[in-house]
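Participant: Everything below, folded, please.
(2 chains)
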Amino acid sequence: MKSLAELAAIKARMQDKVAIREGSGNIRVVVGMATCGIAAGARPVLSAFVEAVNAADLVDKVTVTQTGCIGICQYEPVVEIFEDGKDKVTYVKMTAEKAKRVVHEHLKNGMVVEEFTIGNK
Amino acid sequence: MIRTHVLICGGTGCTSSGSMALKEALEKELEVKGLTEEVKLVTTGCFGLCALGPVMIVYPDGTFYSMVKPEDIPEIVEEHLLKGRPVTRLEYHEKTGDHHAVTSLSETTFYKKQHRVALRNCGVINPEVIDEYIARDGYAALGKVLTEMTPEDVIKTITDSGLRGRGGGGFPTGRKWQLARVIVQDGGKKYVACNADEGDPGAFMDRSILEGDPHAVLEAMAIAGYAIGADEGYIYVRAEYPIAIQRLEIAIKQAREYGLLGNDIFGTGFNFDIQLRLGAGAFVCGEETALMTSIEGNRGEPRPRPPFPAEKGLFQRPTVLNNVETYANVPQIILKGADWFASMGTEKSKGTKVFALGGKITNTGLVEIPMGTTLREVIEEIGGGIPNGKKFKAAQTGGPSGGCIPASLIDTPIDYDNLIAIGSMMGSGGLIVMDEDNCMVDIARFFLDFTVDESCGKCTPCRIGTKRMLEILDKIIDGKGELEDLDRLEELARYIKAGSLCGLGQTAPNPVLSTLRYFRDEYIAHVVDKKCPAGVCKHLLRFVINEDKCKGCTACARVCPAGAISGSVKNPHSIDPAKCLKCGACIEKCKFGAIEKK
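Facilitator: Take a look at the predicted model:
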């Protein structure tokens, strides 16, 4: 290794990959992944969240995780977003496409995507 | 895209309780469920909670699973990794009274009081992937040292931090480096060496660092090389540590490929490379001069000091020799500063210390605590107390060179000077907890037996003196001791301490001296009353059947291997002391608690 820049480059490349173990994010995206959720298509939603969060460089702010059945099976796939000091936001009947919009508008720019929330159903 | 990391402990403790079988089962199950693109498996170093092994953690939620079996894997994959429902029955439950499972590791009392500096990467990164180390600031300290600091700056930082040798002696590391820096001999060749010949019975601090974070040691050795002006380093590691050796070899190879070892590191013109040397397991090779003699290819025997290694060490050249844990602190000190390190600990002992908790304690494992933490906090809180409702009697620190801390001193803050003041020593960090069932004479004998075996034989006080002490202890344990023997032990101990060539002999009498100091009454019970109060020393025990409790069921007579128990059905039995082997089989068999040890 001939320069500190090379070291910094490796660190930058790797940091996101180990950040998941530090639980640093103060925003938690929780995807309902019980049988009902999976049957309704929660897996692609989860993958879409993980990919979009990485692509938007939000890894150190946002933790994407799963949970079991939330209890509103007719609205699955359900995604809840928890953020310190704010009300929980519940998105329902999610798809991979909707997930990308949520990442962009809600997680990145702080604007809740009202049309996907449970209140609009 | 990876969304979940599953960390499996690949330390020696969990490997021997089957963590590699878990890993295989997980790999297979993830394949079956099609999760290989989403879930990443990471083998890490030791988490510390070895008693609960094999352990694994699932991130990002941080769920902590303990004592996992391969049969549990399909459930974990199906329920947790696929459906997001942690398998509560496998989560670690702390025995605190409230019944909620502790899901995150940092919440447990085992971790809450710990402060991980030397162990910061153990159980977090994959030690076989250099990139993961770099992601956690790895080699940034070496970069900083080479590009921004002079060797004098480095030594000043280490000196100001107050770091002292973690191998047991507690010599200030900065001063050691300074001594080696100022000595310039013809040609100027110097060496950096690492003592990874951890030999105390029951201690595995250095082992866990080498297994969990080998690059930290390599980086620190390169920093030491820059500070003193050396371009070559040796790590002397026990051949009995196969996982540590394997990971060190991988780490050295990766560091060379990245140019973090070798020539012209970071384009600064600084050269440094490291070689491994395997020790064959002689305890004396943990002593610095014997270690260096062994690296040179000779029989591992100590040589007189002075000259000290800083002047004439490896191959008669100036050498810095530090212990693994000492090195593991160095990169952190460089990055975070001397003040940060000096803010932890006590006045004369800065930073943290890693201890291997063992013996009669609930959470056996590896803990790192700030200096100055009391023994009570370590045993009662972090260690979870003594199992089976027994009473704490003493803690042994410093292994065969150290001594016992009795229950009356349980509130002593642990640091170098306090432990020496009470007749023990920090040692490399073995901490063995004993309860009321341990006989202190027997403990002293155990450690002395160890040093008699391990004495290299070069000097007479150690070779013959320790053997004579052992003979006296044997006499006491056999019930043939007399009061004068206690004085003889103390006298011999004085001569051995004063006359031995190296640290092994100079400290060998410590376990006897410290038990004599705090548990003299137990020695007197052995010698005068011919009794072992803890019921350990067989020759002083008598097995007796309580006639009131005995129902005459004959179970004991049938199980006795020596045919020492006689009696007829439904009548009280009796034991013939001449035939009794004191094996205890009858006690285990008796349902009525009628057999007593006296």
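Participant: Burial check on the residue lying closest to B:Asn121 once chain neighbours are set aside, number of neighbours?
Facilitator: Nearest residue to B:Asn121, sequence neighbours excluded (CB to CB, 6 or more residues apart in numbering or on different chains): B:Asp213, at 4.1 Å. (Each C-beta comes from the backbone N, C-alpha and C, glycine too.) A count of nearby residues for B:Asp213, using other CB atoms under 10 Å in any protein chain shown, gives 31.
Participant: Phi, psi for B:Asp213 please.
Facilitator: Per-residue torsions, B:Asp213: phi -150, psi 60 (degrees, to the nearest 10).
Participant: separation between it and chain A?
Facilitator: According to CB to the nearest CB, to the nearest Å, B:Asp213 stands 13 Å off from chain A.
Participant: Now do the same contact list for that residue.
Facilitator: Applying CB atoms under 8 Å, 6 or more residues apart in numbering or on different chains, we find B:Asp213 in contact with B:Gly45, B:Leu119, B:Arg120, B:Asn121, B:Cys122, B:Ile125, B:Pro127, B:Tyr133, B:Ala328.
Participant: could those residues go into JSON lines alongside neighbour count and pLDDT?
Facilitator: JSON lines is the format used below for the contacts of B:Asp213 (neighbours: other CB atoms under 10 Å in any protein chain shown; pLDDT from 0 to 100):
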{"residue": "B:Gly45", "neighbour count": "31", "pLDDT": "90"}
{"residue": "B:Leu119", "neighbour count": "27", "pLDDT": "94"}
{"residue": "B:Arg120", "neighbour count": "21", "pLDDT": "92"}
{"residue": "B:Asn121", "neighbour count": "25", "pLDDT": "93"}
{"residue": "B:Cys122", "neighbour count": "27", "pLDDT": "91"}
{"residue": "B:Ile125", "neighbour count": "27", "pLDDT": "92"}
{"residue": "B:Pro127", "neighbour count": "31", "pLDDT": "94"}
{"residue": "B:Tyr133", "neighbour count": "29", "pLDDT": "95"}
{"residue": "B:Ala328", "neighbour count": "29", "pLDDT": "97"}
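Participant: Make CSV from the residues you listed and add secondary structure and distance to B:Pro242 to it.
Facilitator: Conversion of those to CSV gives the following (DSSP: H, G, I helix; E, B strand; the rest coil; distance: CB to CB, whole Å):
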residue, secondary structure, distance to B:Pro242
B:Gly45, coil, 14
B:Leu119, coil, 21
B:Arg120, coil, 24
B:Asn121, coil, 21
B:Cys122, coil, 18
B:Ile125, coil, 20
B:Pro127, coil, 14
B:Tyr133, helix, 21
B:Ala328, helix, 20
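Participant: And the pLDDT for the residue nearest to B:Asn121?
Facilitator: On the pLDDT scale, B:Asp213 is placed at 96.
Participant: Just give the closest residue to B:Arg305, not the sequence neighbours.
Facilitator: Excluding the flanking residues, the one nearest B:Arg305 by CB to CB, 6+ apart is B:Thr289, at 6.3 Å.
Participant: Report the secondary structure element holding that neighbour.
Facilitator: Assigned by DSSP states H and E, B:Thr289 belongs to helix B:288-295.
Participant: do B:Glu347 as well
Facilitator: For B:Glu347, there is no host helix or strand (DSSP H and E).
Participant: Over to the one 10 residues further on?
Facilitator: Take DSSP H and E as the rule and B:Leu357 turns out to sit in strand B:352-359.
Participant: What is that strand packed up against?
Facilitator: With contacts taken as 3 or more CB pairs under 8 Å, 6 or more residues apart in numbering or on different chains; DSSP states H and E, strand B:352-359 sits against helix B:205-212, helix B:324-336, strand B:365-370, strand B:430-435.
Participant: rerun at 6 Å
Facilitator: strand B:365-370, strand B:430-435 (3 or more CB pairs under 6 Å, 6 or more residues apart in numbering or on different chains; DSSP states H and E).
Participant: Of all those, which one is nearest chain A?
Facilitator: Of all the helices and strands packed on strand B:352-359, it is strand B:365-370 that lies closest to chain A, at 18.0 Å by CB to the nearest CB.
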